[in-house]
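Student: when you get a sec, could you give me coordinates for this:
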Amino acid sequence: MLIVVPILGAVAYLTLWERKLIGWMHVRLGPNRVGPLGLLQPIADSLKLLTKELIVPTQASKGLYLLAPVMTIMPALAAWAVIPFGPDVVLANINAGLLF
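Tutor: Below you'll find the model as predicted:
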């Protein structure tokens, strides 16, 4: 959590910076409605994403439809678990010489 939360915050504000840069290139203001200078826009976008209605296609298996995004992100997150972030900071010490 100490690694993931700051990265998510940085990504949110880098997205805001990107949107403001694109607005500047198009000679318009960009996101500026939420908070001073639009600084609360990433929080508003996050809340909007979390409160959206979940629509499952009628022919789809609901469980598999909801589980598929989790199953696709897990290998990417598992690869980060073995990367040493410092001398003694490793999320998982997997002794698998063939893989890592």
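Student: the lengthiest helix in the chain: how far from the chain's middle?
Tutor: Longest helix in the chain, counting residues (DSSP state H): helix 4-25. Distance, stretch centre to chain centre, for helix 4-25: 11 Å (Cα atoms, centre = their mean, to the nearest Å).
Student: buried residues in it?
Tutor: By neighbour count on 16 or more other Cβ atoms under 10 Å, the buried set for helix 4-25 is Leu16, Arg19, Lys20. Just so you know, the C-beta spots here come from the backbone N, C-alpha and C atoms, and that holds for glycine as well.
Student: Pro42: which of the residues you listed is nearest?
Tutor: Leu16 (5.3 Å; Cβ to Cβ).
Student: hmm, back to that, let me know the average pLDDT across the longest helix of the chain.
Tutor: Throughout helix 4-25, pLDDT has a mean value of 88.
Student: send the alpha carbons of the helix or strand just after that helix over as CSV?
Tutor: For helix 4-25, the following helix or strand on the C-terminal side (DSSP states H and E) is helix 41-50. Extracted C-alpha coordinates of helix 41-50, given in CSV (Å, rounded to 0.1, in the frame of the first residue of the first chain):
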residue,chain,number,x,y,z
GLN,A,41,-10.6,17.1,-11.0
PRO,A,42,-8.8,13.8,-10.5
ILE,A,43,-10.9,13.2,-7.3
ALA,A,44,-14.1,14.0,-9.1
ASP,A,45,-13.1,11.7,-12.0
SER,A,46,-12.3,8.9,-9.5
LEU,A,47,-15.7,9.3,-7.7
LYS,A,48,-17.5,9.3,-11.1
LEU,A,49,-15.7,6.1,-12.1
LEU,A,50,-16.5,4.4,-8.8
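Student: give me the packing partners of helix 41-50, helices and strands only.
Tutor: helix 4-25 (3 or more Cβ pairs under 8 Å, 6 or more residues apart in numbering; DSSP states H and E).
Student: residues making contact with the helix it packs on?
Tutor: Residues from elsewhere that reach helix 4-25 (Cβ atoms under 8 Å, 6 or more residues apart in numbering): Leu29, Gly30, Pro31, Gly38, Leu39, Gln41, Pro42, Ile43, Asp45, Ser46.
Student: before I go, just wanted to say thanks for your time.
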